[in-house]
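Novice: Mind folding the following:
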Amino acid sequence: MAVAAKDASFPIKERILVPGQRMSYIKALKRVHIASVNTYNHTAWVSGKLIFEGTPFKYILKTLERNYNVTIKNHKSEIANTMFRAKFDNENLEDILNAFQENTAFSYVVEENTIIIQ
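Specialist: Residues are numbered from 1 along each chain as shown. Okay, here's the model as predicted:
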C-alpha cells in the first residue's frame, strides 16, 4: 500500500507499507513512524475480540468508547498510564470494566451513555 499526502506543504514523501506494518504521523515532530505490528491484534475487533498488549488504560478507554458507543470519563488520572495485557471475546462492557477492577482500584458509575471512573 502506498501512502502519500496531497497537500504540497506536507513534509513527508510517499511511503510504501507492506502487510504487517502500521504507519503513524507524529504531528509535533512532523515525522512518520512505520512499525511492524501483529495484524491480528489490530483487526480482531471485526470478530468481536478486543486485544490489549501493554496498552495504557487511557487508550483502552478510548477503544471501549468506540466499540460500545459510550463516553468514558476517567476521574482517576493516576491509572491513565497503567499498562495492561488483556483479551476479551464478545464480552459486555460491564464484564470488561469489572475485569480491570480486579487489578486496579477504581469504581465506576453509569449515567445513561456515560461511564464515570472514580
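
Novice: Counting neighbours, what do you get for the nearest residue to residue 70 once chain neighbours are set aside?
Specialist: Computed as Cβ to Cβ, 6 or more residues apart in numbering, the closest residue to residue 70 that is not its neighbour in sequence is residue 113, at 5.0 Å. All C-beta atoms are positioned from the backbone trio N, CA, C, and that covers glycine. For residue 113, the number of neighbouring residues by other Cβ atoms under 10 Å comes to 11.

Novice: For the nearest residue to residue 69 once chain neighbours are set aside, list the residues it contacts.
Specialist: Using Cβ to Cβ, 6+ apart and skipping residues adjacent in sequence, the residue nearest residue 69 is residue 113, 7.0 Å away. Counting by Cβ atoms under 8 Å, 6 or more residues apart in numbering, residue 113 touches 69-71.

Novice: which ones among these are found in strands?
Specialist: residue 71 (DSSP state E).

Novice: quick one: which of the contacts of residue 113 is nearest to residue 91?
Specialist: Distance to residue 91 across the contacts of residue 113 (Cβ to Cβ) is lowest for residue 70, with 14.3 Å.
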